[in-house]
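Chemist: With the sequence up front, the predicted model follows.
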Amino acid sequence: MDWNATPRRSTTTGDPGAGRELGSEQRAALPPRFEAVGEALASGSGSVAACEVLGGVLARDGRSLAEALDDLATTWRRLLDAEPAYAEARALAVAWSDATLGYVHGLSCADPLTGLASLAHLRTAIGDLHRAGPVQETHALVVVVAETAHDVQQLGEPLARAMEDAQLGAVVRGVFPGHETIGHIAPGRVVVLADRDDRLVRRVDLLMRMVEGRPPPRPRVWIEGLPDSDRAAAVLLDELTRL
């Protein structure tokens, strides 16, 4: 499939064929779920947005990425006699990948790229503690932020970022080698669900010294108290993912 190929018929509103409605026979000939993409192509309004929505829908339907791209190509050929444009193919593929990763992360106890506990597992662990008693008195979060949200946007290689986060997690595990849950909540962000005991401050001080030698920007480390409700704790974790 040549995604860089220029379609022989433009999809802009300046196309003599633009603005038309999708006929019933054309609609019936399209692959399942591709009606909205077909309507966008027929109207000439542009189909990138429709492909973004469709990518997530197809992933949740259990369709493979290869099947999704093949059906996109079929849709373009039947309506425009051309191969899909790169922008549409990329929009569908990215949306499919995001939906698939979100599903995997939601099911798994561990982040598949770093080996650390997933955000969903960390939330579950905190919820279990809330049901057992006043968690704000017995536990706290140790937050390690190696990159801000703005910094992460500047990094172009997710796998390289995940490898760095895995290394950071190994450093954290060296300080908290016991039963503590160490979660990867976002790129550049690791959180420890730790016991609030007389060793906590000393451990955090040690962790701060251990991360001093990492490449700049130096990770920030602090203790975050846990709220007294499961809902408030979930809100706190969401806030920490967006730092």
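Modeler: Now that the structure is in, tell me what you want to look at.
Chemist: Confidence-wise, which helix or strand of this protein is lowest on average?
Modeler: Least confident element among the helices and strands of the chain, by mean pLDDT, DSSP states H and E: helix 149-153 (a mean of 48).
Chemist: Mind checking what helix or strand follows that helix in sequence?
Modeler: helix 158-175 (DSSP states H and E).
Chemist: residues of that following helix that come out buried?
Modeler: 161-162, 164-166, 168-169, 171-173, 175 (16 or more other C-beta atoms under 10 Å). Heads up, the C-betas are built off the backbone N, CA and C, glycines and all.
Chemist: Which single one of these is nearest to Ala85?
Modeler: Using C-beta to C-beta, Arg161 is the member of the buried residues of helix 158-175 that sits closest to Ala85, with 29.0 Å.
Chemist: That closest one is in contact with Gly188, isn't it?
Modeler: Yes: counting by C-beta atoms under 8 Å, Arg161 touches Gly188, with 7.2 Å between them.
Chemist: mind giving me the domain ranges of this structure?
Modeler: 24-106, 109-241 (automatic domain parsing).
Chemist: just the strands in the chain please.
Modeler: Under the criterion DSSP state E, the chain carries strands at the ranges 139-145, 181-186, 189-195, 220-225.
Chemist: State the distance from Ala50 to Ala110.
Modeler: Distance, Ala50 to Ala110, using C-beta to C-beta, to the nearest Å: 35 Å.
Chemist: So which of the two has more stuff around it?
Modeler: Per other C-beta atoms under 10 Å, whichever of Ala50 and Ala110 has more neighbours is Ala50, with 21 against 14.
Chemist: Find me the pLDDT at the more buried one, would you?
Modeler: Looking at Ala50, its pLDDT reads 94.
Chemist: Which single helix of this structure contains the most residues?
Modeler: For the chain, the helix that runs over the most residues, judged by DSSP state H, is helix 86-107.
Chemist: So which bits of that helix are buried?
Modeler: 88-93, 95-96, 99-100, 105.
Chemist: do stretch 36-52 as well
Modeler: For stretch 36-52, a neighbour-count test (16+ other C-beta under 10 Å) marks 36-44, 46-48, 50-52 as buried.
Chemist: repeat for stretch 59-79
Modeler: Across stretch 59-79, burial judged by 16+ other C-beta under 10 Å covers 59, 63, 68-69, 71-73, 75-76, 79.
Chemist: Show me the two of these that sit farthest apart.
Modeler: Most distant of these, by C-beta to C-beta, are Ala59 and Leu79, 23.3 Å apart.
Chemist: Pass me the low-pLDDT residue ranges in this protein, would you?
Modeler: Across the chain, the ranges flagged by pLDDT under 70 are 1-19, 102-108, 147-159, 215-216.
Chemist: same thing but at 80, please
Modeler: 1-21, 100-113, 147-161, 213-218, 243 (pLDDT under 80).
Chemist: OK, contacts around Val201?
Modeler: Ile223 (C-beta atoms under 8 Å, 6 or more residues apart in numbering).
Chemist: how close does it get to Asp195?
Modeler: Between Val201 and Asp195 the computed distance is 12 Å (C-beta to C-beta).
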